[in-house]
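Participant: here is a sequence together with a model predicted from it:
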Amino acid sequence: MQNKKRENQINKRKTVAGFNISMALFSILAMFIVATVFFAIEASTLGAHLAELENEEIALNKEKQEYSNQLINSSSLSGMGEKAEQLGFIKPSDVIYISEKEAVAKLP
Amino acid sequence: MQTRLKLVAAFFLIIFVVLLARLFFWQIIRGKDLSAQARDQYQSGKNIGAPRGNILASDSTWLAARGEAWLVYASLPDIKENPRKIADKLAPFFLEEESERTDVLLEVERIYSLLTKEEIVWIPIKHKISTEVKRNIEALGIAGIGFEQQETRMYPEASSAAHLLGFVGKDAQGEDIGYFGLEGYYNAPLSGKPGFLGRERDARGLPIGIGDMTEVTAIAGVDLLTHIDKTIQLLLDEKLSEGIEKYGAVGGTAVVMNPKNGAVLAMSAYPSYDPASYSDFGDTFFKNPIVSDSFEPGSIFKVLVMAAGLDSDAVEPDTKCEICDGPLKVDKYFIKTWNNEYTPDQTMLDVIVHSDNVGMSYVGQKTGADTLYDYLDAFGIGKATNVDLQGEIEPKLREKGTWNIVDLATTSFGQGVVTTPIQMVRAVGAIANDGILVTPQVVDRILGETWGEDIKPEIDERVISAKTANEVTAMMVEAAKNGESKWTHLRGFNVAGKTGTAQIPIAGHYDEERTIASFVGFAPADDPDFVMLITLREPSSSPWASETAAPLWYNVAKDLFIYFGIQPTK
């Protein structure tokens, strides 16, 4: 009788221990699954963000190129010369050098 | 029972063998293909182009800049419309506005033949179209027509300095490569190094953040900051073009250099071409005659020979010419003056002022062939100047010790000897620079993304003493004032100059009619800001330099005086 009681107690303990181990394994598995899902979502979001940043970079580079083109064209000296002519500026045809000693616009 | 068990075992064995065979087929035989297909599915890679460097003028504005262009391609499986209709729509965008009907029809045929090619999925239709044209084509919404970004070259000053810059063309592999001028000489540093980006992607094509990534960063090409002064360059282009037209020449060259450090401030040559549409021009247009063509310099060479005579103490400025009373017989030839007028007992100064061939033959005889050779060699005649431009030639001097008396006499007045315009500018620059030779240099500084490196001027050895340089300068000042081009001299300005009219050798003799007229000079003579050479090939209004190249030189110099702030001394 005593032996049977002890055997029951041992079995009960074994069941509890087995249950605890299963629970632990299940918890680890669950955590692993959750972590995998979490990281998969994170990686996917990160990828989308990376793609977004890349697109933004392409757009900015395009804009930069357009501004550069405008700057390059507007800094053209021959282009500026043409504009100056259109605005009525002309190149001096005859240059007169005045000696320092000669009075210039001398007041009476 | 035993038999049944054996049958089941045999069945499983057969299944096992079949599976093994199938596995072998997929894993071993098709393994490589399948893994490649899988890689294509989840891995993407693209080449990152290295942007080509810009070429900048001395004020850091652009002479040649990288720009954006597009490749138009067709993805043949995606094409929905009739290829003929697509060709009709696209052709007008790829031609000049004023193209003729036949050109349009030819272009339509070309595009149609590309679109109807068999066993091809992707085909390029047109390279390097502008962003504006791309937008217009996009607006048509043609399915199967796509665009890929390319790089192009922009020339804000159009064809100005075309020979100096060179152009960017294609090599045998279809890659961009620089040809001629700076683009050719500095092709490697301008090109940079392309990179690569490899990355794992998910089913939607988005990059996997934690996936494998291979990145080789592209190294951008460097920018070249040149000594080229845009104001002088445009002035030189304009005046040279006008001069060639005015004097009816078939071509011409002009170079402006700082004689103190060899900085090439401007360089122009005609006939020229547009580097943006180089394919419309023949190969003959691309060569820069300033570094790649040789010519007999004629009388501008006399200043070098006189410098050799004076520096070697063979003659003095006031030495009297003992043989200048008439034509000089050398072997079976008679050497005459350009105007057949002779001045007995004239000094060396007069010899230069009158540009007397007999007087120069006297200097040559007094100096001696070997000594003269040594001086010309020291002046850089017969060897490359090492200017940083592609395609420089080095026409050789006749070997030392092999000169006969005719060679010595003709070389003394600049015939029978060949140089390049850049060699002449450099040599006369040495006279302007107190006798010290410098190497002509176009690029002043190389600019990387985060660094810059100066290209130091190369100051070579002294060729002649400062005293000799001053004496020759004084002779050139007198020649400019009182020589045959005195009528065009700008009064009051301290210019040292010399005209040169050289006959062109054709089939073993000199052509009487065709000449190369040139004028080389520097100003202010006592402390020069620039040395300039102008040559005109076969001017038809007059064969003489004094009536063509000299007035053109002064026409340019007049504006340079204002630009440099050079004022008349009197």
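Facilitator: All right, it came through fine.
Participant: show me what the worst-scoring helix or strand of chain A on mean pLDDT is packed up against.
Facilitator: Least confident helix or strand, chain A: helix A:2-74 with a mean of 86, by mean pLDDT, DSSP states H and E. For helix A:2-74, the elements it packs on are strand B:62-75, strand B:145-154, judged by 3 or more C-beta pairs under 8 Å, 6 or more residues apart in numbering or on different chains; DSSP states H and E. (C-beta placed from N, C-alpha, C; glycine too.)
Participant: so which of the ones you listed is the most packed in?
Facilitator: strand B:62-75 (a mean of 21; mean count of other C-beta atoms under 10 Å in any protein chain shown).
Participant: which helices and strands does it pack with?
Facilitator: helix A:2-74, strand B:55-56, strand B:122-129, helix B:131-140, strand B:145-154.
Participant: interface residues of chain B facing chain A?
Facilitator: Applying C-beta under 8 Å from any C-beta of the partner chain, one finds that chain B approaches chain A through B:61-62, B:65, B:67-68, B:131, B:154, B:156-158, B:160, B:201-202, B:206-211, B:230-231, B:234, B:492, B:558, B:562, B:567-568.
Participant: model confidence over stretch B:242-258, on average?
Facilitator: Mean pLDDT, stretch B:242-258: 97.
Participant: of all the helices and strands packed on helix A:2-74, which one is nearest residue B:180?
Facilitator: Residue B:180 sits nearest to strand B:62-75 of all these, at 12.2 Å, using C-beta to C-beta.
Participant: chain center to that closest one, what's the gap?
Facilitator: 22 Å (C-alpha atoms, centre = their mean, to the nearest Å).
Participant: now swap in stretch B:41-52 and tell me
Facilitator: That offset, for stretch B:41-52, works out to 33 Å (C-alpha atoms, centre = their mean).
Participant: so which residues make contact with it?
Facilitator: Contact with stretch B:41-52 is made by B:66, B:151, B:153, B:168, B:176, B:190-202, B:205, B:208, B:211-212, B:214, B:216-221, as judged by C-beta atoms under 8 Å, 6 or more residues apart in numbering or on different chains.
Participant: which residue sits closest to residue B:298, ignoring its sequence neighbours?
Facilitator: Once flanking residues are discounted, residue B:298 sits nearest to residue B:502: 2.9 Å by C-beta to C-beta, 6 or more residues apart in numbering or on different chains.
Participant: which parts of the stretch 351-500 of chain B are strands?
Facilitator: Counting by DSSP state E, counting those that start in this stretch, the stretch 351-500 of chain B has these strands, from start to end: B:436-438, B:443-447, B:452-454, B:459-462, B:496-506.
Participant: what about residue B:225, neighbour count?
Facilitator: 21 (other C-beta atoms under 10 Å in any protein chain shown).
Participant: make that residue B:401, sorry
Facilitator: 8.
Participant: what's the answer for residue B:426, then?
Facilitator: By other C-beta under 10 Å, neighbour count at residue B:426 equals 28.
Participant: just residue B:403 next, same as before
Facilitator: Using other C-beta under 10 Å, residue B:403 has 21 neighbouring residues.
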